[in-house]
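Asker: I'll drop the sequence and a predicted model, then ask my questions.
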Amino acid sequence: MAEEMTPELEANRNDDAMRMLLSDLRRLEAKVALGGGQKRLDKQHELGKMTARERLAALFDAGDEALEIGALAGEGLYEAEGGCPSGGVVVQIGRVHGRLVIAVANDATVKAGAWFPITGKKNLRAQEIAMENRLPIVYLVDSAGVYLPMQDEIFPDKEHFGRMFRNNAVMSSRGIPQIAAVMGSCVAGGAYLPIMSDESLIVEGTGSIFLAGSYLVRAAIGEDIDNETLGGADTHSSISGVTDYKCANDAEALKKIRELVRHMKAPSPLAGFHRETPESPSGRNIRSILPPDRAQPYEGRDLIESLVDAGSFLEYKKEYGRTLLTGYARIDGWSVGIVANQRNMVKSKKEGLQFGGVIYSDSADKAARFIMNCNQKGVPLVFLQDVTGFMVGSRSEHGGIIKDGAKLVNAVANSVVPKFTVIVGNSYGAGNYAMCGKAYDPRLIVAWPTARLAVMGGAQAAKVLQQIEMSQLKKKGETIDEQVAKAVFDRISAQYEEATQPVYAAARLWVDAIIDPQATRHWISRGIEAANAAPAERPFNPGVIQT
C-alpha cells in the first residue's frame, strides 16, 4: 500500500528535490569559478597577480556576503571558442567600509580577459545597476580588449563595447563615483576607461595602458618600442599623467581603492524607504514549498509567509482577483509590496472556478490598482513569479482580458518605485511581462532552480510545433504514422525543454542569478538598500489606462 502523503512528508519531498537542484547548481558554479582553469589561475599567481575573484574578496569588507551578478553568463554559448566562463568578467555588489559598491573584475584566465558579446552585455548590466541605484562602481581592469574573431558582435551597435564609455561619461555627469585600477592589460578602446573614471590606479610591472601595443605601433608607424616604455606604470604616472596612483602590486592597489571609497560622502538625498527592526519569517522552510512537479498546485500564501518578516503580510483585496496575491509586508525590516501568483485553484464569486498560476481580468485589475498604491506610498515592489499566462477563451476575451492585462502591464512599466523579481517557477508568455520580467526594468531579477522561462509551457509548445512540422512533412508527401509523430514530438519537446531551463536564461543574462531560495531575503534586502540611495527622478504617471 502506498504511503499516505502527509503535509510533513510532502514538505520533506519538496525540500529533497530542491536540495538536489541546488547541488547541481553549486557544482556548475564551482566549475565556472575556476575561470580558464587551474593552470591559468596558477599562471596569474606566477605573474604576481591575484585572480579576479581574489581581487574582489580583498576589495570588499571581510565577512561581507556579496551578491554576484551573472555568475553563469556565457555558459554553453561559445563552445567552439573554448567557452567563456562567467562571461570572462566577475561582477559583485558588496561593502567597502560599509558602503555598497559594485565592482567589475576582468578575468584574465579567460582568453586574456578578452571581450565576447556576453562580456559586453554583462559589463553594461553592471553599469545599469550602478546608474539606477547611484552606486559607486570600481573597475579592476585586466583585459586584452575585444575578442577579434567576434568583433562584429561586440563593436559597432548601440548596446556594444562603445556604450560602456558613453555610460562612463553619463555617470560622471550624474556624480556617480567611478574608480579604475589597471592591474593587467588595458588596450585599444578599453584604454579610455581609466581616464573616463574619476580616479585611476596602475600596478607596476603588470599594468599597461595604450591605444596600440608595441607590435601594432611597429607595423603602423615603424617605431620600435617595448610595451612597458610605451604604456607602463612609470610612463603613465610620471610622463602622460593618465593615472593618479602607482601601486607596487595588486594588494596595494586594492587597499588604495578601499581608502578612496572611505573618503566618499554618504549618498544624499535618500529615497526614504521605510525600515523597521527585521524579524525572521514565521512560515515553514522556504525550500519545502514548491513541489518538484511544476504542474502541481501549492498555496501561494505559504511561499509569502516563508519569505517575509513574521506576521507582516497585510493582504490587499483578499477575496477579489484571487489568482494573484497582493499585499504589504516586510522583508528584513524593509516595507515592500508583494505581487505573487497563486498556484492553487480558487473559486471566484464572479468568475467561478479559476486555475492557479493564470491571470484573470479581476486579478489583473486588482494588481494594477495595488501597484499604483505602492507608487503613491513609495513602497518597493517584489514580484514572485509562477505564472502560466493570461486566461484565454471567449469568456475572457468578451470580459476584456486584453484591456485589464494592458492596465497591469502599464502600471508595472510606469512604476517609479524599485521593482525586484523572483522567478520561483513558471514564467510564461505575457505573464512574464505583467509580473515584471527583464523587459520591465526590475532592479534585480533572480531565479530559483525550479524556474522555467518561455513563451508558453513545454508540452503546449511542443504540440504546436509538432503540428506545424507534421503539416510540412505531409505537403512533401511523406508518410506520417504514430511512431513518426511521437519521434517528432519527443525531439521538439527535448529541445524546447532545454531552452526553458534557468541555466539557459542565466547564460544569456535574462536573469541576474540563480539563487538558493534561502538567499532570497538577502538579495531583496540588499537591493532595496542600494535603491534607497536613488530617489525617483520623475513622479508616477501611468498615462492613459482603459477602465
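Answerer: That came in fine, so what should we check first?
Asker: Now stretch 227-239: buried residues?
Answerer: 227, 230-233, 235-237 (16 or more other C-beta atoms under 10 Å). Heads up, the C-betas are built off the backbone N, CA and C, glycines and all.
Asker: Please list all residues in contact with Ser348.
Answerer: For Ser348, the contacting residues are 322, 354, 360, 362, by C-beta atoms under 8 Å, 6 or more residues apart in numbering.
Asker: okay if I get those as JSON lines plus secondary structure?
Answerer: Converted to JSON lines, these look like this (DSSP: H, G, I helix; E, B strand; the rest coil):
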{"residue": "Arg322", "secondary structure": "coil"}
{"residue": "Gln354", "secondary structure": "strand"}
{"residue": "Tyr360", "secondary structure": "coil"}
{"residue": "Asp362", "secondary structure": "helix"}
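Asker: if we can go back for a sec, just the ones in helices from the buried residues of stretch 227-239, please.
Answerer: 227, 230-231, 233, 235-237 (DSSP state H).
Asker: Please produce a markdown table containing those residues, extended by pLDDT and distance to Arg53.
Answerer: As requested, those are exported to a markdown table (pLDDT from 0 to 100; distance: C-beta to C-beta, whole Å):
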| residue | pLDDT | distance to Arg53 |
| --- | --- | --- |
| Asn227 | 85 | 26 |
| Leu230 | 88 | 30 |
| Gly231 | 85 | 26 |
| Ala233 | 93 | 24 |
| Thr235 | 93 | 29 |
| His236 | 93 | 26 |
| Ser237 | 93 | 27 |
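Asker: Distance to Asn414 for these - can I get that in a markdown table?
Answerer: Compiled in a markdown table, those are given as follows (distance: C-beta to C-beta, whole Å):
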| residue | distance to Asn414 |
| --- | --- |
| Asn227 | 51 |
| Leu230 | 51 |
| Gly231 | 47 |
| Ala233 | 49 |
| Thr235 | 51 |
| His236 | 46 |
| Ser237 | 49 |
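Asker: picking up where we left off before, between the buried residues of stretch 227-239, which sits nearest Asp16?
Answerer: Top of the list for closeness to Asp16, among these and by C-beta to C-beta, is Ala233 at 54.4 Å.
Asker: Please list only the buried members of the contacts of Ser348.
Answerer: Of the contacts of Ser348, these count as buried by 16+ other C-beta under 10 Å: 322, 354, 360, 362.
Asker: what sits against the last one?
Answerer: So that's Asp362. Neighbours of Asp362 in contact, by C-beta under 8 Å, 6+ apart: 320-322, 348, 350-351, 404.
Asker: which of those are buried?
Answerer: 320-322, 348, 351, 404.
Asker: where does Thr547 land on pLDDT?
Answerer: At Thr547, the model reports a pLDDT of 69.
Asker: for the chain, what helix or strand is lowest in average pLDDT?
Answerer: Taking mean pLDDT, DSSP states H and E as the measure, the chain has helix 458-475 as its least confident helix or strand, at a mean of 71.
Asker: And the next helix or strand past it?
Answerer: Next in sequence after helix 458-475, counting helices and strands by DSSP states H and E, comes helix 482-500.
Asker: what mean pLDDT would you report for the helix or strand just after that next one?
Answerer: Proceeding N to C from helix 482-500, the next assigned helix or strand is helix 502-507, under DSSP H and E. For helix 502-507, mean pLDDT rounds to 96.
Asker: Residues touching helix 502-507, excluding its own?
Answerer: Helix 502-507 is contacted by residues 28, 70-77, 118, 423, 447-453, 498, 511, 513-514 when judged by C-beta under 8 Å, 6+ apart.
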